[in-house]
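J.: this one's sequence-less:
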(Lines give C-alpha, C1' and ligand atoms only; values in the text may rest on other atoms or scores of the structure.)
Protein backbone atom coordinates (compact mmCIF):
# COMPACT_ATOMS: atom_id res chain seq x y z
CA UNK A 1 0.00 0.00 0.00
CA UNK A 2 1.38 3.36 -0.99
CA UNK A 3 2.50 5.53 1.89
CA UNK A 4 3.71 9.09 2.04
CA UNK A 5 5.46 10.51 5.07
CA UNK A 6 4.57 14.15 5.63
CA UNK A 7 7.40 15.80 7.52
CA UNK A 8 8.82 19.24 7.95
CA UNK A 9 12.05 19.80 9.87
CA UNK A 10 14.19 22.80 8.93
CA UNK A 11 15.55 26.09 10.25
CA UNK A 12 14.39 29.60 9.48
CA UNK A 13 15.69 33.06 10.24
CA UNK A 14 13.56 34.59 12.99
CA UNK A 15 14.40 37.79 14.80
CA UNK A 16 17.99 37.42 13.66
CA UNK A 17 18.33 33.88 15.06
CA UNK A 18 18.31 30.44 13.47
CA UNK A 19 15.50 28.68 15.30
CA UNK A 20 13.96 25.21 15.12
CA UNK A 21 10.81 24.83 13.04
CA UNK A 22 8.40 22.49 14.83
CA UNK A 23 5.72 20.64 12.84
CA UNK A 24 3.47 17.68 13.22
CA UNK A 25 4.52 14.37 11.72
CA UNK A 26 2.03 11.97 10.20
CA UNK A 27 1.66 9.31 7.53
CA UNK A 28 -1.16 9.16 4.99
CA UNK A 29 -2.00 5.80 3.40
CA UNK A 30 -2.89 5.44 0.58
CA UNK A 31 -1.88 8.79 -0.88
CA UNK A 32 -4.65 8.62 -3.53
CA UNK A 33 -8.03 6.93 -3.81
CA UNK A 34 -9.70 5.49 -6.92
CA UNK A 35 -13.47 5.19 -6.95
CA UNK A 36 -15.97 4.35 -9.68
CA UNK A 37 -18.79 2.02 -10.69
CA UNK A 38 -17.20 -0.96 -8.99
CA UNK A 39 -15.99 0.87 -5.90
CA UNK A 40 -18.25 3.58 -4.52
CA UNK A 41 -16.34 4.05 -1.28
CA UNK A 42 -12.91 3.71 0.24
CA UNK A 43 -10.80 4.72 3.22
CA UNK A 44 -7.65 6.66 4.04
CA UNK A 45 -5.58 6.03 7.15
CA UNK A 46 -3.70 8.78 8.99
CA UNK A 47 -1.02 7.56 11.37
CA UNK A 48 0.53 9.81 13.99
CA UNK A 49 4.25 9.03 13.98
CA UNK A 50 4.96 11.33 16.90
CA UNK A 51 4.33 11.08 20.62
CA UNK A 52 1.88 13.98 21.01
CA UNK A 53 -1.71 13.80 19.81
CA UNK A 54 -2.56 15.66 16.59
CA UNK A 55 -5.90 17.14 15.59
CA UNK A 56 -7.03 17.23 11.96
CA UNK A 57 -9.73 19.09 10.07
CA UNK A 58 -10.90 17.56 6.78
CA UNK A 59 -12.25 19.29 3.69
CA UNK A 60 -13.24 17.89 0.28
CA UNK A 61 -12.81 20.07 -2.81
CA UNK A 62 -13.52 19.52 -6.49
CA UNK A 63 -10.22 19.65 -8.37
CA UNK A 64 -10.05 21.33 -11.77
CA UNK A 65 -7.35 22.90 -13.93
CA UNK A 66 -7.73 26.27 -15.64
CA UNK A 67 -6.91 27.30 -19.22
CA UNK A 68 -3.16 27.22 -18.52
CA UNK A 69 -3.25 23.99 -16.52
CA UNK A 70 -3.05 25.54 -13.05
CA UNK A 71 -4.88 23.71 -10.27
CA UNK A 72 -8.17 25.19 -9.09
CA UNK A 73 -10.31 24.03 -6.16
CA UNK A 74 -14.07 24.48 -5.74
CA UNK A 75 -16.42 23.60 -2.93
CA UNK A 76 -18.28 20.34 -3.49
CA UNK A 77 -20.95 18.15 -1.90
CA UNK A 78 -20.39 15.27 -4.29
CA UNK A 79 -18.11 13.47 -1.82
CA UNK A 80 -19.28 12.06 1.48
CA UNK A 81 -16.61 11.62 4.14
CA UNK A 82 -16.39 11.02 7.87
CA UNK A 83 -15.21 12.32 10.23
CA UNK A 84 -14.90 16.04 9.51
CA UNK A 85 -12.61 16.56 12.52
CA UNK A 86 -10.53 13.92 14.28
CA UNK A 87 -7.78 13.55 16.84
CA UNK A 88 -5.08 10.89 16.59
CA UNK A 89 -3.00 10.00 19.63
CA UNK A 90 0.74 9.50 19.33
CA UNK A 91 1.57 6.17 17.71
CA UNK A 92 -2.06 5.57 16.76
CA UNK A 93 -4.10 5.65 13.54
CA UNK A 94 -7.25 7.46 12.46
CA UNK A 95 -9.54 6.19 9.69
CA UNK A 96 -11.30 8.44 7.17
CA UNK A 97 -14.18 6.86 5.21
CA UNK A 98 -14.96 8.39 1.81
CA UNK A 99 -17.75 7.78 -0.70
CA UNK A 100 -19.08 9.38 -3.86
CA UNK A 101 -22.61 10.42 -4.73
CA UNK A 102 -21.76 10.03 -8.44
CA UNK A 103 -20.35 6.51 -8.95
CA UNK A 104 -21.31 6.44 -12.65
CA UNK A 105 -19.81 9.23 -14.81
CA UNK A 106 -18.90 9.61 -18.47
CA UNK A 107 -15.95 11.92 -17.74
CA UNK A 108 -13.70 11.35 -14.74
CA UNK A 109 -14.47 13.42 -11.65
CA UNK A 110 -11.45 14.62 -9.69
CA UNK A 111 -11.27 15.81 -6.10
CA UNK A 112 -8.82 16.35 -3.30
CA UNK A 113 -9.45 15.54 0.33
CA UNK A 114 -7.44 18.07 2.32
CA UNK A 115 -6.16 16.81 5.65
CA UNK A 116 -5.29 19.92 7.66
CA UNK A 117 -3.30 19.68 10.86
CA UNK A 118 -4.90 21.76 13.60
CA UNK A 119 -3.02 23.88 16.16
CA UNK A 120 -2.12 22.04 19.33
CA UNK A 121 -0.98 23.18 22.77
CA UNK A 122 1.97 25.54 22.53
CA UNK A 123 5.03 24.51 24.49
CA UNK A 124 7.73 26.92 25.51
CA UNK A 125 10.46 25.08 27.21
CA UNK A 126 14.15 25.66 26.96
CA UNK A 127 13.94 27.75 23.77
CA UNK A 128 11.93 30.48 25.45
CA UNK A 129 14.22 30.44 28.47
CA UNK A 130 17.22 30.83 26.18
CA UNK A 131 15.62 33.76 24.37
CA UNK A 132 15.04 31.75 21.18
CA UNK A 133 11.81 31.87 19.19
CA UNK A 134 9.82 28.76 18.38
CA UNK A 135 7.87 28.63 15.12
CA UNK A 136 5.07 26.13 14.51
CA UNK A 137 4.07 25.11 10.99
CA UNK A 138 0.82 23.31 10.32
CA UNK A 139 0.77 20.82 7.46
CA UNK A 140 -2.02 20.50 4.89
CA UNK A 141 -2.01 17.47 2.62
CA UNK A 142 -4.40 17.04 -0.34
CA UNK A 143 -5.08 13.38 -1.20
CA UNK A 144 -6.24 13.00 -4.84
CA UNK A 145 -9.54 11.18 -5.31
CA UNK A 146 -10.55 9.98 -8.78
CA UNK A 147 -13.98 8.73 -9.85
CA UNK A 148 -13.32 6.71 -13.01
CA UNK A 149 -15.51 7.02 -16.13
CA UNK A 150 -17.60 4.06 -17.28
CA UNK A 151 -15.69 3.83 -20.57
CA UNK A 152 -12.14 5.21 -20.22
CA UNK A 153 -10.71 6.91 -23.31
CA UNK A 154 -7.24 8.43 -23.64
CA UNK A 155 -5.99 11.18 -25.91
CA UNK A 156 -2.84 13.32 -25.78
CA UNK A 157 -1.55 15.96 -28.20
CA UNK A 158 1.12 18.65 -28.30
CA UNK A 159 -1.04 21.56 -29.44
CA UNK A 160 1.67 24.18 -29.91
CA UNK A 161 5.44 24.61 -30.00
CA UNK A 162 7.25 27.90 -30.61
CA UNK A 163 10.55 29.68 -30.01
CA UNK A 164 10.73 33.47 -29.55
CA UNK A 165 13.89 35.22 -28.35
CA UNK A 166 15.35 31.83 -27.33
CA UNK A 167 12.28 31.14 -25.14
CA UNK A 168 10.41 27.91 -25.82
CA UNK A 169 6.66 27.74 -25.31
CA UNK A 170 4.54 24.64 -25.76
CA UNK A 171 1.22 23.23 -24.68
CA UNK A 172 -0.12 19.72 -24.17
CA UNK A 173 -3.78 18.75 -24.21
CA UNK A 174 -5.49 15.79 -22.58
CA UNK A 175 -8.37 15.08 -24.96
CA UNK A 176 -9.38 11.90 -23.13
CA UNK A 177 -11.96 11.48 -20.38
CA UNK A 178 -9.58 10.65 -17.52
CA UNK A 179 -6.41 12.11 -16.01
CA UNK A 180 -2.89 11.34 -17.14
CA UNK A 181 0.28 11.49 -15.05
CA UNK A 182 3.09 13.33 -16.83
CA UNK A 183 6.32 11.40 -16.53
CA UNK A 184 8.48 13.84 -18.49
CA UNK A 185 8.52 16.58 -21.12
CA UNK A 186 11.69 16.18 -23.21
CA UNK A 187 13.06 18.97 -25.41
CA UNK A 188 15.83 18.23 -27.91
CA UNK A 189 17.52 20.59 -30.35
CA UNK A 190 19.57 19.42 -33.33
CA UNK A 191 21.84 21.30 -35.71
CA UNK A 192 21.59 21.17 -39.51
CA UNK A 193 23.59 17.93 -39.57
CA UNK A 194 21.26 16.25 -37.09
CA UNK A 195 23.64 16.42 -34.14
CA UNK A 196 22.04 17.07 -30.76
CA UNK A 197 23.15 20.48 -29.44
CA UNK A 198 20.49 21.09 -26.78
CA UNK A 199 18.47 18.93 -24.39
CA UNK A 200 16.23 19.66 -21.44
CA UNK A 201 13.58 17.82 -19.46
CA UNK A 202 10.65 19.60 -17.83
CA UNK A 203 8.79 18.13 -14.88
CA UNK A 204 5.13 18.15 -14.00
CA UNK A 205 2.50 15.88 -12.49
CA UNK A 206 -1.20 15.63 -13.30
CA UNK A 207 -2.90 16.56 -16.56
CA UNK A 208 -6.64 16.33 -15.93
CA UNK A 209 -9.25 15.40 -18.51
CA UNK A 210 -9.96 18.15 -21.04
CA UNK A 211 -7.10 20.30 -19.78
CA UNK A 212 -4.45 22.09 -21.83
CA UNK A 213 -1.27 22.74 -19.87
CA UNK A 214 1.45 25.23 -20.82
CA UNK A 215 5.20 24.66 -20.45
CA UNK A 216 8.18 26.94 -21.02
CA UNK A 217 11.97 26.80 -21.15
CA UNK A 218 14.84 28.99 -22.26
CA UNK A 219 17.58 27.82 -24.62
CA UNK A 220 20.93 29.51 -23.92
CA UNK A 221 21.53 31.93 -26.85
CA UNK A 222 24.79 30.29 -27.91
CA UNK A 223 23.06 26.91 -28.17
CA UNK A 224 19.93 28.36 -29.74
CA UNK A 225 21.98 29.85 -32.56
CA UNK A 226 23.09 26.32 -33.50
CA UNK A 227 19.63 24.73 -33.31
CA UNK A 228 18.04 23.99 -36.69
CA UNK A 229 15.17 21.88 -35.39
CA UNK A 230 13.52 21.46 -32.00
CA UNK A 231 11.48 18.44 -31.00
CA UNK A 232 9.36 17.80 -27.93
CA UNK A 233 8.10 14.49 -26.57
CA UNK A 234 5.64 14.23 -23.72
CA UNK A 235 5.30 10.90 -21.93
CA UNK A 236 2.53 10.07 -19.48
CA UNK A 237 1.52 6.92 -17.65
CA UNK A 238 -0.86 6.17 -20.54
CA UNK A 239 0.43 7.71 -23.78
CA UNK A 240 3.08 9.79 -25.51
CA UNK A 241 2.90 12.65 -28.00
CA UNK A 242 5.54 14.50 -30.02
CA UNK A 243 5.98 17.57 -32.20
CA UNK A 244 8.83 19.10 -34.22
CA UNK A 245 9.65 22.70 -35.11
CA UNK A 246 12.13 24.11 -37.66
CA UNK A 247 14.16 26.84 -35.97
CA UNK A 248 15.76 29.78 -37.75
CA UNK A 249 18.26 32.32 -36.30
CA UNK A 250 15.61 35.05 -35.95
CA UNK A 251 13.86 32.96 -33.27
CA UNK A 252 16.93 33.14 -31.06
CA UNK A 253 17.32 36.89 -30.82
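T.: On my side now, so go ahead. Worth saying up front: this structure is predicted, and the values here are computed from it rather than measured.

J.: okay, now residue 204: neighbour count?
T.: Residue 204: 16 surrounding residues under other C-beta atoms under 10 Å. Just so you know, the C-beta spots here come from the backbone N, C-alpha and C atoms, and that holds for glycine as well.

J.: sorry, slip of the keys, the one I care about is residue 42.
T.: Counted with other C-beta under 10 Å, residue 42 comes out at 16.

J.: who does the host helix or strand of residue 161 touch, helix- and strand-wise?
T.: Here residue 161 sits within strand 156-164, counting by DSSP states H and E. Secondary-structure packing of strand 156-164 (3 or more C-beta pairs under 8 Å, 6 or more residues apart in numbering; DSSP states H and E): strand 167-174, strand 229-236, strand 240-246.

J.: any buried residues in the second one, and which?
T.: Put plainly, it is strand 229-236. Of the residues in strand 229-236, those scored as buried under the neighbour-count criterion (16 or more other C-beta atoms under 10 Å) are 230, 231, 232, 233, 234, 235, 236.

J.: pLDDT weak spots in the stretch 1-150 of the chain?
T.: Across the stretch 1-150 of the chain, the ranges flagged by pLDDT under 70 are 1-24, 121-136.

J.: correct me, but residue 187 touches residue 232?
T.: Yes: in this structure residue 187 lies within contact range of residue 232 using C-beta atoms under 8 Å: 5.4 Å.

J.: about what we covered before: figure out which of the helices and strands packed on strand 156-164 is closest to residue 217.
T.: Taking C-beta to C-beta as the criterion, strand 167-174 is the member of those that comes nearest to residue 217, at 4.5 Å.

J.: quickly list the domain ranges of the chain.
T.: Structural domains annotated on the chain: 4-147, 156-247, as defined by automatic domain parsing.

J.: could you export the ones you listed as a markdown table, including distance to residue 253?
T.: A markdown table is the format used below for the domains of the chain (distance: least, C-beta to C-beta, whole Å):
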| stretch | distance to residue 253 |
| --- | --- |
| domain 4-147 | 27 |
| domain 156-247 | 7 |
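
J.: what's the most buried one of those?
T.: Burial among the domains of the chain, expressed as mean neighbours by mean count of other C-beta atoms under 10 Å, is greatest for domain 156-247, which shows a mean of 17.
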